[in-house]
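> pasting the sequence and the predicted coordinates here, then a few questions.
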Amino acid sequence: MENQSIIELTSLSVFQKNKLVLTDVNLNISVGEFIYMIGKTGSGKSSLMQVLYGDLPVEQGEVTVCGYNLKTIKSKQLPHLRRKLGIVFQDFQLLEDRTIRKNMEFVLKATGWKDKKTIDERILKVLDEVELIDKLNSMPHQLSGGEQQRIAIARAMLNEPDVILADEPTGNLDPETSNGIMKILFRISELGKTVIMATHNYNLINKFPGRVIKCEEGTVS
């Protein structure tokens, strides 16, 4: 598995509402790598994440993610790509009107899981991985920010993705809680998953070393 490529970007230009955000992006990411994506607000980090997720179309250049060519991908293939990607947002994006169990069920049913026993087993497994099984029947508002983010990571892991995309996952959290989140993400990476994390937090990079790619002046280095 070592050095096997899972994401390849070749001569990519990224556009956001017809505005050129990034140009001539060439990047090769291997299975199991832990990648930090750094850069100022507006430098194109989130736009690049959106390209990897299939939310922004590839207009110039080539992008391959988990074996899918994103330039030629059909809309009916997008759900298959997204099952291979786990997304973690800065603001958690949990459904506030239902329990953690129901949040998880919603994702699994939306991605084609049907068997109740299998669904229940998968939910318990991912909650165990983030050490929050006891919050199964809690509502999101009953959890701390750190707990909500751990639930968001568990949710991202539901479909056993090959790649986790984490967009500022510690942005709203205090340092101690952030360290806990980083330990979970590193553990996921050690299981052979690729983790790409956009961040402003240089302290985390020093504490949890990984490969750093930088968005600045309209390109990625």
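Sure, I can see it.
> hey, let's count contacts and neighbours off CA atoms from now on
Will do.
> buried set for the longest helix along the chain?
Among the elements of type helix in the chain, defined by DSSP state H, the one spanning the most residues is helix 175-190. Buried residues in helix 175-190, defined by neighbour count with 16 or more other C-alpha atoms under 10 Å: Thr177, Ser178, Asn179, Ile181, Met182, Ile184, Leu185, Phe186, Ile188, Ser189.
> repeat that for stretch 75-91.
Leu81, Arg82, Arg83, Lys84, Leu85, Gly86, Ile87, Val88, Phe89, Gln90, Asp91.
> span of that stretch from start to end?
End-to-end distance for stretch 75-91, by C-alpha to C-alpha, to the nearest Å: 27 Å.
> do you know the pLDDT at the residue positioned nearest the centre of the chain?
Centroid-nearest residue in the chain, with C-alpha atoms, centre = their mean: Leu165, separated by 1.9 Å. Reading off the confidence values, Leu165 has pLDDT 97.
> tell me the secondary structure for it?
Look at Leu165: counting by DSSP: H, G, I helix; E, B strand; the rest coil, its state is strand.
> so how far is Glu96 from it?
When C-alpha to C-alpha is applied, the distance between Leu165 and Glu96 equals 22 Å.
> can you map out the strands along the chain?
Assigned by DSSP state E, the strands in the chain fall at 5-16, 19-30, 34-38, 60-65, 68-69, 85-88, 163-167, 194-199, 211-216, 219-220.
> can you redo the buried residues of helix 175-190 as TSV with distance to Leu132?
As requested, the buried residues of helix 175-190 are arranged in TSV below (distance: C-alpha to C-alpha, whole Å):
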residue	distance to Leu132
Thr177	14
Ser178	16
Asn179	16
Ile181	13
Met182	16
Ile184	12
Leu185	15
Phe186	17
Ile188	16
Ser189	19
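> quick check, nearest of the buried residues of stretch 75-91 to Leu204?
Using C-alpha to C-alpha, Gln90 comes nearest to Leu204 of those, at 15.4 Å.
> now do the contacts for the closest residue to the closest one other than its chain neighbours.
Leaving aside its sequence neighbours, Gln90 sits nearest to Pro169 (C-alpha to C-alpha, 6 or more residues apart in numbering; 4.5 Å). With contact taken as C-alpha atoms under 8 Å, 6 or more residues apart in numbering, Pro169 is in contact with Val88, Phe89, Gln90, Asp91, Gln149, Ile181, Met197, Ala198, Thr199.
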